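Chemist: Mind looking at a prediction? Sequence and model below.
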Amino acid sequence: MILILRPEPGAASTLAAAQAGGLKALVFPLFAVRPTLWQPVARNDIDALLLGSANALRHGGTALAGYRGLPAYCVGETTAAAARAAGMEVAATGHGGLQNLLGVLQPGHSRLLRLAGRERTMLDPPARVTITTREVYASEALPVPAGLIEALRAPAPQPVPAAVIALLHSGEAAARFAQICDEAAIARGSIRLAAIGPRVAAHAGAGWAAVRSARRPDDAALLALAQQMCQEAAYGH
């Protein structure tokens, strides 16, 4: 059983992809993403955008129109697709986080505007590169979704024990999920975690039956990992 914990609309997208791959999944969003008020930066003061999530483009509002045509450095393919839809030119797409993208900046791209969430990873820019950050969205914790605790209870004995695998798309979700399990006295050792990256996995802490990170920080790689973990659990690994 796969548990999808990310906010909508991403949760529905992950569910559809999981079902297309033959995985049994349930959706229990732990957060809702909301836009925040933000002050745009003058277009002439920046060379390129730095985007760590498609949420920045979903919730950035009308001010994003002022950046049409600018190059954008995007954390993954989903964010890159959203950037193109918003009229931006994708300069590079990363496969290991925003910090790695700072190592492939094109000449002349030294003044970056980072459109980010309230909770975000700190970055260490190269010399002569400046990053101006604007918080354009925030993740707000939701009440524990109905049915989540029941889904987390250890499955009844059966010839092939069912595995519970929680998908972790963010550090906030990892920490919140760990808190929910502890407060409900759910044994961490009965649950496997599939995280979109090592930094996300670290937020969940220790004591789980298994903690694995996807090879790339995208949904397809995460679901491939979850499918592999399901197969391993079925064979007692």
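Modeler: Received the coordinates, thanks. Treat the numbers as computed from the prediction; the structure is a model and nothing was measured. Numbering: from 1, shown residues only.
Chemist: ranges for the helices of the chain?
Modeler: For the chain, the helices defined by DSSP state H cover 10-20, 55-59, 77-85, 98-101, 148-152, 171-183, 198-202, 219-234.
Chemist: just how off-centre is the longest one within its chain?
Modeler: Translated: helix 219-234. 17 Å (CA atoms, centre = their mean, to the nearest Å).
Chemist: So for that helix, what gets flagged as buried?
Modeler: Asp219, Ala221, Leu222, Leu223, Ala224, Leu225, Ala226, Gln227, Met229, Cys230, Ala233 (16 or more other CB atoms under 10 Å). Just so you know, the C-beta spots here come from the backbone N, C-alpha and C atoms, and that holds for glycine as well.
Chemist: out of the helices of the chain, deepest packed?
Modeler: With neighbours taken as mean count of other CB atoms under 10 Å, the helices of the chain reach their highest mean count in helix 55-59, at a mean of 22.
Chemist: can you pull the contacts of the nearest residue to Arg118 once chain neighbours are set aside?
Modeler: Of all residues not flanking Arg118 in the chain, Ala138 sits nearest, at 3.9 Å (CB to CB, 6 or more residues apart in numbering). Going by CB atoms under 8 Å, 6 or more residues apart in numbering, Ala138 touches Val33, Arg34, Thr36, Gly117, Arg118, Glu119.
Chemist: Next, work out how far apart the most centrally placed residue in the chain and Val104 are.
Modeler: In the chain, the C-alpha nearest the mean C-alpha coordinate belongs to His169, at 3.5 Å (CA atoms, centre = their mean). Distance, His169 to Val104, by CB to CB, to the nearest Å: 24 Å.
Chemist: One more: Leu148?
Modeler: Distance from Leu148 to Val104, by CB to CB: 40 Å.
Chemist: what's the answer for Glu89, then?
Modeler: 15 Å.
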